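Engineer: build me a model:
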Amino acid sequence: MIIDLHRHTWSFYQRYPQASEIASKNPGKLDPVHAQSDPLPLVPDWKEAALDHINELDESGVDATVIFVADYGLRLGEPTFTIEGENRLSAEMGRAYPNRLIPFFGIDPRRNNAVDAFERAVTDWNMKGLKIHTTVGFFPHDRVVYPFYEICVARNLPVTFHSGPMPSPLVSRYAQPLHFDEVAADFPELTIIMGHAGRAAWPEALNIAQMKPNIYLELSTWQAHFDYPEDAIKAIYRMCQTIGVERVLWGSDNPGWRHAMPLKKWVSTIQDLPVTGKKFGCDFTTSDTEAILGKNAARILGLK
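Structural biologist: As a prediction, the model looks like this:
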């Protein structure tokens with residue numbers, strides 16, 4: 001089973017037209033095509049978007065994907081439609097394609113009635129996890145987020161975070177890997193997924209994860225790391241050797257990262273590690289790549 005553990009319901013730039021400025025400040029790795037996309041309408045066509053996801057999965061041999069919204073509204077200004085509305089549409093996609101599109105609830109915990117909204121989404125909408133993006137202005141260990149973690153622990157739901165830097169006006173310090181340490185210590189039964197494995201700060205992410213067995217490192221956006229394949233392969237191998245391959249996960253961050261590497265190639269890049277890794281002294285097995293690509297995610301998500 002192959003599972004993309006990190007996928008956005010729509011492109012960041014479609015939801016936040018003002019975000020084209022962010023793309024212009026980092027043109028090498030952010031998607032200029034999506035940055036020029038038309039904003040989403042007030043009521044977007046979720047059926048068309050869901051089919052777009054399914055088609056990409058089918059073309060790439062991917063069995064399922066987690067989908068979610070990252071809530072940047074309090075930092076960037078509100079998106080083209082409400083955060084509640086977007087989460088509801090993610091839930092509709094999950095109902096339309098059960099076990100293929102797996103919806104997580106995404107919200108800024110500082111919003112009014114955010115805890116109640118999350119509880120309702122889990123109970124009534126069948127949301128399967130939580131997505132938090134702290135670069136909008138709070139730390140993962142801020143107490144405003146703790147009620148969300150309590151719900152996740154009580155219901156055995158994972159929480160996915162952005163980890164690592166982001167361009168302005170988002171603030172990178174809130175997502176430095178060190179700041180996940182306190183959450184992992186206070187909630188040892190919480191499944192914490194560090195999206196992007198800290199990006200360039202991956203050694204710090206690995207250092208924290210080594211001491212906190214409830215932290216998992218997830219490789220979305222690492223398509224760009226393979227511009228330097230030796231560095232990328234050695235980094236992933238070190239993760240596997242340090243915390244165990246069972247805590248290394250795979251994702252794409254699509255649709256915004258399709259430009260960096262087609263999903264089918266991103267799958268084969270990981271599948272080929274037993275061969276390509278040998279060039280750099282890294283001894284991956286086929287079992288390792290199967291675990292990274294999906295078996296670990298299936299265990300976390302409770303999928304057969």
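
Engineer: can you show me the helices along the stretch 101-250 of the chain?
Structural biologist: Listed in chain order, the helices of the stretch 101-250 of the chain (DSSP state H, counting those that start in this stretch) span 114-124, 146-155, 181-186, 202-211, 229-243.

Engineer: among those, which comes closest to Leu301?
Structural biologist: Nearest of those to Leu301, taken as C-beta to C-beta: helix 146-155 at 12.9 Å. Placement of C-beta: from N, CA and C, glycine included.

Engineer: measure the closest residue in space to Asp71 that isn't next to it in sequence to Ala224 for me?
Structural biologist: Among residues not flanking Asp71 along the chain, Asp108 sits closest, at 4.3 Å (C-beta to C-beta, 6 or more residues apart in numbering). To Ala224, Asp108 is 26 Å away according to C-beta to C-beta, to the nearest Å.

Engineer: ditto for Ala49
Structural biologist: 24 Å.

Engineer: follow-up on the earlier one: I'd like the helices of the stretch 101-250 of the chain written out as JSON lines, with mean pLDDT, distance to Gly85 and mean neighbour count added.
Structural biologist: Formatted as JSON lines, the helices of the stretch 101-250 of the chain follow (pLDDT from 0 to 100; distance: least, C-beta to C-beta, whole Å; neighbours: other C-beta atoms under 10 Å):
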{"stretch": "helix 114-124", "mean pLDDT": "97", "distance to Gly85": "12", "mean neighbour count": "16"}
{"stretch": "helix 146-155", "mean pLDDT": "98", "distance to Gly85": "20", "mean neighbour count": "16"}
{"stretch": "helix 181-186", "mean pLDDT": "98", "distance to Gly85": "29", "mean neighbour count": "17"}
{"stretch": "helix 202-211", "mean pLDDT": "98", "distance to Gly85": "33", "mean neighbour count": "19"}
{"stretch": "helix 229-243", "mean pLDDT": "98", "distance to Gly85": "37", "mean neighbour count": "18"}
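
Engineer: which one of those lies nearest to Phe81?
Structural biologist: Nearest of the helices of the stretch 101-250 of the chain to Phe81, taken as C-beta to C-beta: helix 114-124 at 15.3 Å.

Engineer: who are the packing partners of the closest one?
Structural biologist: helix 83-96, strand 105-106, helix 146-155 (3 or more C-beta pairs under 8 Å, 6 or more residues apart in numbering; DSSP states H and E).

Engineer: off-centre distance for it?
Structural biologist: Mean C-alpha position of helix 114-124 versus that of the full chain (C-alpha atoms, centre = their mean, to the nearest Å) differs by 20 Å.

Engineer: pull the residues that contact it.
Structural biologist: Defining contact as C-beta atoms under 8 Å, 6 or more residues apart in numbering, one finds that helix 114-124 is touched by 84, 87, 91, 105, 107-109, 111, 127, 130, 147-148, 151, 155, 157.

Engineer: stretch 188-195 too?
Structural biologist: 5-6, 149, 152-153, 157-163, 177, 180, 183-184, 205, 209, 212, 214-218, 220, 249, 251, 253, 300.

Engineer: just the buried residues of those residues.
Structural biologist: Using 16 or more other C-beta atoms under 10 Å as the burial test, these include 5-6, 149, 152, 157-163, 177, 180, 183-184, 205, 209, 212, 214-218, 220, 249, 251, 253, 300 as buried.

Engineer: and Glu84, what is it in contact with?
Structural biologist: Glu84 sits in contact with Ala117, where contact means C-beta under 8 Å, 6+ apart.
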